[in-house]
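> fold the following.
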Amino acid sequence: MAEPLFGQPLLTVDLAAIVANWRDLAARGAPGAVAAVVKADAYGLGMAAVAPALRDAGCRHFFVACLTEGLALRGILGPRPMIAVLEGFPPGADGDAALVPVMNSLAEVEAHAAAGRACGVARRAILHVDTGMARLGLDARELAALAADHAMLAGVELLYVMTHLACADEPEHPLNALQAERFAAACAALPPARRSFANSSGLFLGPGFASDLARPGCALYGINPTPQAANPMRQVLRLDAPVLQVREIPAGASVGYGASWTAARPSRIATVAAGYADGYLRSLSGRAVAAFRGQPVPLVARVSMDLTTFDVTDLPGISAGDSLTLIGGPGCSPDEVAARAGTIGYEILTSLGSRYARRHIGV
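Residues are numbered from 1 along each chain as shown. Next up is the predicted model:
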């Protein structure tokens with residue numbers, strides 16, 4: 001990539017750390033395989049760089065959200081890895097053998113099977129059974145109908161039966177065990193097929209949640225899959241924003257829109273080139289910290305569209321041209337930034353803006 005232009009924040013993504021996270025999760029998922037969920041542009045970190053690094057490390061199963069992502073990923077990876085499309089796609093769009101639709105309703109099963117029978121070649125697919133999310137997947141009525149008539153699957157090469165955990169990041173939640181029971185019962189009622197069960201947090205729930213194919217996403221990218229404990233994953237990104245100006249203000253002076261912060265002492269305010277248009281959320285106003293050479297720097301006043309202000313009074317070495325680490329430094333991991341914003345690490349990553357220069361390192 002080109003070096004950042006003047007005033008341009010830099011997002012650095014450590015591909016070696018992502019690969020190491022996948023290998024750790026693959027060991028935890030053994031003897032089953034462990035896929036990589038790379039939807040939403042690999043959670044904002046760049047699918048075109050992340051997916052090949054994982055493929056070269058040995059990952060052979062990838063999941064995306066929609067058909068457009070699947071087509072893009074097939075263009076990046078070629079035809080060999082399995083690429084599953086979680087939202088499925090209409091039979092008329094399934095001519096690419098590298099793409100595997102997830103069938104989320106009985107109507108999709110019937111349409112996909114009919115297409116396979118019509119052409120005389122069974123169509124590869126994954127069957128999604130809803131066991132507690134009430135979002136996508138066959139509900140209890142549809143599952144009962146399919147269990148009573150396995151012939152409905154004629155024309156389908158059923159690669160996996162999958163379900164999705166709703167509360168895996170809460171190990172004691174009773175829905176986890178209930179979903180495991182429901183999934184086991186569903187698989188017993190269907191034709192024999194490999195199973196896909198655990199997401200990132202599900203891989204940490206124990207042997208009762210093991211399957212033939214786990215589907216981690218957030219943990220690959222450093223989000224803590226065990227929020228009740230220390231994060232077992234490596235951090236994979238760092239967002240550095242340049243200081244455009246350092247302004248000295250007297251006690252009693254206010255800063256930013258709405259005059260929401262007033263200096264209690266003579267202060268030095270650093271303005272950096274990132275704001276909510278770059279995914280640095282407005283809800284961080286007055287709550288976040290950045291880092292400078294390992295030292296915390298408090299955010300003051302409101303985050304605006306393109307600019308954010310930090311109190312650097314106690315760090316006199318900071319001047320225009322330096323950079324503050326907004327995400328990925330001490331006290332500002334994606335999970336810590338999310339907690340201050342009142343959201344989750346997933347949103348922090350997938351909100352990363354398009355104006356950042358991006359650098360992928362490590363492999």
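
> domain ranges for the chain?
Under the assignment automatic domain parsing, the domains of the chain span 15-221, 237-332.

> among the ones you listed, which is nearest Ile361?
Closest approach to Ile361 among these (CB to CB): domain 15-221, 6.7 Å. (C-beta placed from N, C-alpha, C; glycine too.)

> quick check, distance from the closest one to the centre of its chain.
15 Å (CA atoms, centre = their mean, to the nearest Å).

> where do the helices sit along the chain?
Residue ranges of the helices in the chain, as given by DSSP state H, are 15-29, 39-43, 47-57, 67-77, 106-119, 140-148, 174-189, 334-341, 345-350.

> quick one on the thing from earlier: format the domains of the chain as CSV; extra columns: mean neighbour count.
Below are the domains of the chain laid out as CSV (neighbours: other CB atoms under 10 Å):
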stretch, mean neighbour count
domain 15-221, 19
domain 237-332, 18
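
> who wins for proximity to Gln8 among these?
Of all those, it is domain 237-332 that lies closest to Gln8, at 7.0 Å by CB to CB.

> re the thing from before, dump the helices of the chain into TSV; add mean pLDDT and distance to Arg302 as well.
Formatted as TSV, the helices of the chain follow (pLDDT from 0 to 100; distance: least, CB to CB, whole Å):
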stretch	mean pLDDT	distance to Arg302
helix 15-29	97	33
helix 39-43	98	27
helix 47-57	98	33
helix 67-77	95	34
helix 106-119	93	46
helix 140-148	97	48
helix 174-189	97	39
helix 334-341	98	13
helix 345-350	97	18
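
> closest one to Leu213 among the ones you listed?
Of those, the one closest to Leu213 (CB to CB) turns out to be helix 15-29, at 8.3 Å.

> so who does Ser351 touch?
Taking CB atoms under 8 Å, 6 or more residues apart in numbering as the contact definition, Ser351 lies against Gly44, Gly279, Leu281.

> would you list those residues in a markdown table and tack on distance to Gly202 and pLDDT?
A markdown table is the format used below for the contacts of Ser351 (distance: CB to CB, whole Å; pLDDT from 0 to 100):
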| residue | distance to Gly202 | pLDDT |
| --- | --- | --- |
| Gly44 | 22 | 97 |
| Gly279 | 28 | 97 |
| Leu281 | 28 | 98 |
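
> from the residues you listed, pick the one nearest Pro192.
Closest to Pro192, out of all of the contacts of Ser351 and judged by CB to CB, is Gly44, at 38.2 Å.

> hang on, the closest one packs against Tyr346?
No - with contact defined as CB atoms under 8 Å, Gly44 and Tyr346 do not form a contacting pair (9.2 Å).

> show me the strands in the stretch 151-300 of the chain, by range?
Here the stretch 151-300 of the chain has its strands, by DSSP state E, counting those that start in this stretch, at 156-162, 194-196, 213-214, 237-249, 254-255, 261-262, 267-272, 289-292, 295-300.

> off-centre distance for the longest one?
Same thing as strand 237-249. With CA atoms, centre = their mean, you get 27 Å for strand 237-249.

> and it, which strands flank it?
Here strand 237-249 is paired, per DSSP bridges, with strand 10-14 (antiparallel), strand 267-272 (antiparallel), strand 323-327 (antiparallel).

> the fifth one too?
Neighbouring strands of strand 254-255 in its sheet, by DSSP bridges, are strand 261-262 (antiparallel).

> returning to what we had before: could you dump the domains of the chain into a markdown table with distance to Ala357 added?
Formatted as a markdown table, these follow (distance: least, CB to CB, whole Å):
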| stretch | distance to Ala357 |
| --- | --- |
| domain 15-221 | 12 |
| domain 237-332 | 10 |
